[in-house]
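Undergrad: Could you look at this predicted model? Sequence included:
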Amino acid sequence: MSEFQEMLKVDSEDTLRFFFSSLLQVLVNNKKPYKESQLLYVSSVLAHYAQVTRGGDESKPVLAGLTDIFDLFIINREVPTDADILEWGGSQIILFAGFFRDQMRRRHNPAFYDRIGQALYLRASREKSYKQRGFFEELSSNVPFWTSSCCRLSRYLRHQRYLLNN
């Protein structure tokens, strides 16, 4: 049994590598240039949430969906100003309006959430250190690109499960 458990063991580095290489597969024929630092960031967002449970005691857990983002960042009169919370909100949008876009589309307008993600990352950039500010400003303008790329990744991975690997 321990050999079987060892085969199933996946660590955070393996998960990050999986999402990074999978996103590269999706972006191979992409016409729009992208920065590798953003590719790595988006891959790390997906890898992180692949390993975090909703019921865990994380300080920033995975939300249930875009409705929670709306409640926290739109309806809430006291919108957070902490850069880490704003970045976390943006990452939730990459996850839900991106990777789970097809599922979220049934109840939400993902393009609306792309704009919210842009605003969250832009506001976070203003609170970040000078070195991080440029990265998050640029990421802010590319949120629609990354959410659509994550949606294509999700479709690609769903299709891949039907292929036999020799």
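TA: Received the coordinates, thanks.
Undergrad: got any ranges where the chain has weak pLDDT?
TA: Along the chain, segments meeting pLDDT under 70 span 1-9, 56-60, 162-166.
Undergrad: burial count for the closest residue to residue 73 other than its chain neighbours?
TA: The shortest distance from residue 73 to any non-neighbouring residue, by Cβ to Cβ, 6 or more residues apart in numbering, is to residue 89 (5.4 Å). Where C-beta positions appear, they are placed from N, C-alpha and C, glycine not excepted. For residue 89, the tally of surrounding residues (other Cβ atoms under 10 Å) stands at 24.
Undergrad: What distance do you get for residue 89 to residue 35?
TA: 22 Å (Cβ to Cβ, to the nearest Å).
Undergrad: What of residue 157?
TA: Taking Cβ to Cβ, one finds residue 157 at 23 Å from residue 35.
Undergrad: Where does residue 79 sit: helix, strand or coil?
TA: Classification of residue 79 using DSSP: H, G, I helix; E, B strand; the rest coil returns coil.
Undergrad: what residues are up against the residue found closest to it once you drop the neighbours it is linked to in the chain?
TA: The shortest distance from residue 79 to any non-neighbouring residue, by Cβ to Cβ, 6+ apart, is to residue 73 (6.0 Å). For residue 73, the contacting residues are 79-80, 89, 116, 120, by Cβ atoms under 8 Å, 6 or more residues apart in numbering.
Undergrad: any idea which of these is closest to residue 101?
TA: Nearest to residue 101 among the contacts of residue 73: residue 116, at 13.9 Å, using Cβ to Cβ.
Undergrad: So which residues of this structure form strands?
TA: Using DSSP state E, the chain contains no strands.
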